[in-house]
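Undergrad: need a structure here:
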Amino acid sequence: MVTIKEYIAPKTIEEAYELLIARKNNLILGGCGFIKIGSRNINTAIDLCNLSLDYIVENEEEILIGADTTLRQLEINNIIKNHCGGAISQGVSYIVGVQFRNMARVGASVFSRYGFSDLLPSLLVLDAKVRLYKGGVMDLKDFLEKKYEKDILLEVILPKKDGIAVYDCLRKSSGDLPIINGAMFKGNNCEYVIAIGSRPQRAKLAEKSMEALEYGASIDKVADMVVDELHFGTNMRGSREYREEMCKVLIKRMHDKVGGYHDR
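TA: Down below sits the predicted model:
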């Protein structure tokens with residue numbers, strides 16, 4: 001059961017931050033999609049709906065995604081759909097249903113660093129950055145490894161890149177959480193970026209493995225390297241051994257989709 005003592009929708013980001021740090025159990029609300037998973041008491045629930053953080057805009061160098069943007073907007077927005085093959089739009093399209101994606105927010109999905117996130121792998125391979133109110137701008141991969149601190153995510157920054165990215169996953173049924181997922185980017189100069197998530201830990205780059213792929217290692221060898229490089233675990237959706245084998249399948253499948261090849 002979730003109980004909320006007070007609800008406030010501040011008019012400024014400064015006010016929102018002051019409310020957030022005022023008490024330990026004050027909380028920023030996102031779309032509240034997973035708030036009922038646990039039982040908690042929230043003193044002050046802070047809604048960012050009045051802060052104009054609902055946007056997807058592009059300039060010559062970047063695409064900016066406001067923290068209050070919904071996952072449904074990511075799915076259907078033409079800027080996102082046309083960016084590097086539409087991997088971000090493809091990834092979020094797997095999440096539950098349209099009604100849920102109309103509520104779930106980008107900021108909550110990223111800041112919560114869910115291990116099962118269908119959004120994080122695609123953002124990672126596209127070199128996304130995050131802009132925090134206090135923490136400033138940092139690479140998403142660094143943010144995911146950073147110790148939790150109270151802050152407010154303002155926007156996600158996507159640098160424009162030349163290449164194609166794909167998202168892929170394995171799940172028991174449509175709308176279920178992924179057993180394992182991942183994304184791969186191939187640049188126009190044949191550089192590769194690989195991220196695997198739902199291990200069941202949060203998404204992470206396989207940096208040694210993607211470097212080996214760039215230097216001509218076979219995709220079969222690279223798939224084995226990814227399993228050795230990243231840690232896999234067991235939960236109710238799958239065992240460590242199963243995830244390791246399915247990770248190899250995802251790696252080869254994504255490699256084919258971005259225009260690669262592997263030994264038959």
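
Undergrad: Show me the helices in this structure, by range?
TA: Using DSSP state H, the helices of the chain run over 13-22, 71-76, 78-81, 87-92, 98-101, 106-111, 120-125, 140-145, 207-214, 219-229, 240-257.

Undergrad: Between these, which has the poorest mean confidence score?
TA: Lowest mean pLDDT within the helices of the chain: helix 98-101, at a mean of 88.

Undergrad: list the buried ones in it?
TA: Buried residues in helix 98-101, counted by 16 or more other CB atoms under 10 Å: 100, 101. (Glycine included, C-beta is placed from N, CA and C.)

Undergrad: what do you get for stretch 230-250?
TA: 230, 232, 237, 238, 243, 244, 246, 247, 248, 250.

Undergrad: Out of these, which is nearest to residue 211?
TA: residue 230 (14.2 Å; CB to CB).

Undergrad: The closest one against residue 204, yeah?
TA: Yes - the criterion here is CB atoms under 8 Å, and residue 230 meets it with residue 204 at 6.0 Å.

Undergrad: quick one: common contacting residues for these two?
TA: Shared contacts of residue 230 and residue 204 (CB atoms under 8 Å, 6 or more residues apart in numbering): residue 196.

Undergrad: since we're on the residue nearest to residue 163 when sequence neighbours are not counted, how many residues are nearby?
TA: What sits nearest to residue 163 in space, not counting adjacent residues and going by CB to CB, 6 or more residues apart in numbering, is residue 187, at 3.8 Å. By other CB atoms under 10 Å, the residues close to residue 187 number 16.

Undergrad: The one 3 residues further on now?
TA: By other CB under 10 Å, 12 other residues sit near residue 190.

Undergrad: Give the phi and psi angles for it, as a check.
TA: When read as degrees, to the nearest 10, the backbone of residue 190 gives phi 70, psi 30.

Undergrad: Surely it and residue 214 touch.
TA: Yes - when contacts are counted by CB under 8 Å, residue 190 is listed as touching residue 214 (6.7 Å).

Undergrad: Quickly note the distance from residue 68 to residue 128.
TA: 17 Å (CB to CB, to the nearest Å).

Undergrad: what domains does the record give for this structure?
TA: The chain resolves into domains spanning 2-47, 56-159, 163-257 when parsed by automatic domain parsing.

Undergrad: Can you get me the start-to-end distance on the first one?
TA: Looking at domain 2-47, the gap from its leading to its trailing residue is 16 Å under the measure CA to CA, to the nearest Å.

Undergrad: what's the offset of that domain from the middle of its chain?
TA: 22 Å (CA atoms, centre = their mean, to the nearest Å).

Undergrad: just stretch 140-159 next, same as before
TA: On CA atoms, centre = their mean, the centre of stretch 140-159 falls 11 Å from that of its chain.

Undergrad: Repeat that for stretch 104-123.
TA: 4 Å.

Undergrad: What residues sit buried inside that stretch?
TA: Buried residues in stretch 104-123, defined by neighbour count with 16+ other CB under 10 Å: 104-111, 113-123.

Undergrad: and if you look at stretch 192-209?
TA: Applying a neighbour-count criterion of 16+ other CB under 10 Å, one finds 192-206, 209 buried in stretch 192-209.

Undergrad: Just the closest of those to residue 8, please.
TA: For the buried residues of stretch 192-209, the nearest to residue 8 is residue 202 (29.6 Å; CB to CB).

Undergrad: Contacts only, for the closest residue to the closest one other than its chain neighbours.
TA: Leaving aside its chain neighbours, residue 202 sits nearest to residue 115 (4.7 Å; criterion: CB to CB, 6+ apart). Neighbouring residues of residue 115 by CB under 8 Å, 6+ apart: 197, 198, 199, 200, 201, 202, 203.
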